Every structure is written in structure tokens, then in C-alpha cells.
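Asker: Got a predicted model here, sequence first, then my questions.
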Amino acid sequence: MPDERLQKLLASAGVASRRKAEELIQAGRVRVNGRVVTELGTRARPGLDRIEVDGRAVVVEKPLTILLNKPRGVVCTASDPEGRPTVLELVRGVHARLFPVGRLDFQTSGALILTNDGDLAQALTHPRFGVDKT
């Protein structure tokens, strides 16, 4: 993998949002290869550089995307306070931090993308990219 901005890597690993990751970096809570990093824009190589936040190693997952045929009676969310089945429960054997891209109604079935790739999700959902949805 090519090197990436540290705040983006932290966000991809689920540590924090990019903005919160910037705060962590500026507060001196992030280390790369044992060296404290406080400068925004610092780059690191996932899988090669050791990245730590507050002394805990950060693991950057490889991108994973799943096309799921969502059945009726399942919600398009990671967790549901009402206890209804979620799309993530349908892929229990997958050990990646996935999230649904878009939504289908509870009683609607159809194709739904699950991914851990924030760039892909952004490209598919942000209006400026003009991706048609049916």
C-alpha cells in the first residue's frame, strides 16, 4: 500500500474521524515507529510502519466490499436499539469493520453494498459524483 496521511489512516482504522484524528496528532498522542508525531500531513505506510495511539497499536484493515442481497425485515444499520435484525448480522463470519453504503427500507429487499472503504462509500453517495441509484 502507498503511504497515506496519518489522520486518514487513523480514520480508516476506526480510531476516530479525520478531524478527531487531527486533534489526537496535534495533542502528541500518536506515534509512528516509536516517534511522537504532532505535525498534520505526516504520512505513514500501512502494514509497514508501526502506528500507535496512546500506546495501543493501530491496525489498518485491507479494503473489503460486499454486495449483499438484503432481505425484507432487516435494517440497514450496524446496530438497532429496537433489537431488529441488522445487515451486519447477515455477514457475521466477516472480521472487518463494515458499514452499509446507502439505505433500503426495513420491508424492502435488494442490493446493498457493505464496505470498510470510506473513499468508495464517499464516491458512491456524495451528490457531486453523480452516481445514479435505483
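Answerer: Yep, it's here. Remember, predicted model here, so these are calculated numbers, not experimental data.

Asker: D54: what's it in contact with?
Answerer: Each residue near D54 by C-beta atoms under 8 Å, 6 or more residues apart in numbering is listed here: R29. C-beta here means a position set from N, CA and C on the backbone, and glycine is covered the same way.

Asker: 25 is where my numbering starts, stick with that
Answerer: From this message on, residue numbering opens at 25, which makes the last subject D78.

Asker: and it, how far is that from E85?
Answerer: For D78, the distance to E85 (C-beta to C-beta, to the nearest Å) stands at 20 Å.

Asker: swap in V56?
Answerer: Remark: distance between V56 and E85 (C-beta to C-beta) = 18 Å.

Asker: so how far is E85 from the most centrally placed residue in the chain?
Answerer: Central residue of the chain (C-alpha atoms, centre = their mean): N140, 4.3 Å from the mean position. Distance, N140 to E85, using C-beta to C-beta: 5 Å.

Asker: A68 contacts R59, doesn't it?
Answerer: No: the criterion here is C-beta atoms under 8 Å, and A68 misses it with R59 at 10.7 Å.

Asker: Neighbour count: the two, which is higher?
Answerer: Using other C-beta atoms under 10 Å as the criterion, A68 and R59 rank with A68 on top: 22 against 9.

Asker: For the more buried one, give me its contacts.
Answerer: By C-beta under 8 Å, 6+ apart, the contact set of A68 is 27-28, 30, 33, 56, 75.

Asker: Please report phi then psi for it.
Answerer: Dihedral pair for A68: phi -140, psi 160, per degrees, to the nearest 10.

Asker: Report the backbone C-alpha coordinates of stretch 112-128 in PDB.
Answerer: The C-alpha trace of stretch 112-128 is given here as PDB (Å, rounded to 0.1, in the frame of the first residue of the first chain):
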ATOM      1  CA  LEU A 112     -24.200  -6.700   9.700                       C
ATOM      2  CA  GLU A 113     -25.700  -9.800  11.400                       C
ATOM      3  CA  LEU A 114     -26.000 -11.300   7.900                       C
ATOM      4  CA  VAL A 115     -22.200 -11.300   7.500                       C
ATOM      5  CA  ARG A 116     -21.200 -12.500  10.900                       C
ATOM      6  CA  GLY A 117     -18.200 -14.500   9.600                       C
ATOM      7  CA  VAL A 118     -16.500 -11.500   8.200                       C
ATOM      8  CA  HIS A 119     -14.000 -10.000  10.500                       C
ATOM      9  CA  ALA A 120     -13.800  -6.400   9.200                       C
ATOM     10  CA  ARG A 121     -15.400  -3.200  10.400                       C
ATOM     11  CA  LEU A 122     -18.100  -2.900   7.700                       C
ATOM     12  CA  PHE A 123     -20.800  -0.300   7.300                       C
ATOM     13  CA  PRO A 124     -23.700  -0.100   4.800                       C
ATOM     14  CA  VAL A 125     -23.500   2.300   1.900                       C
ATOM     15  CA  GLY A 126     -26.900   3.800   1.400                       C
ATOM     16  CA  ARG A 127     -30.200   2.500   2.800                       C
ATOM     17  CA  LEU A 128     -33.100   0.300   1.900                       C
END
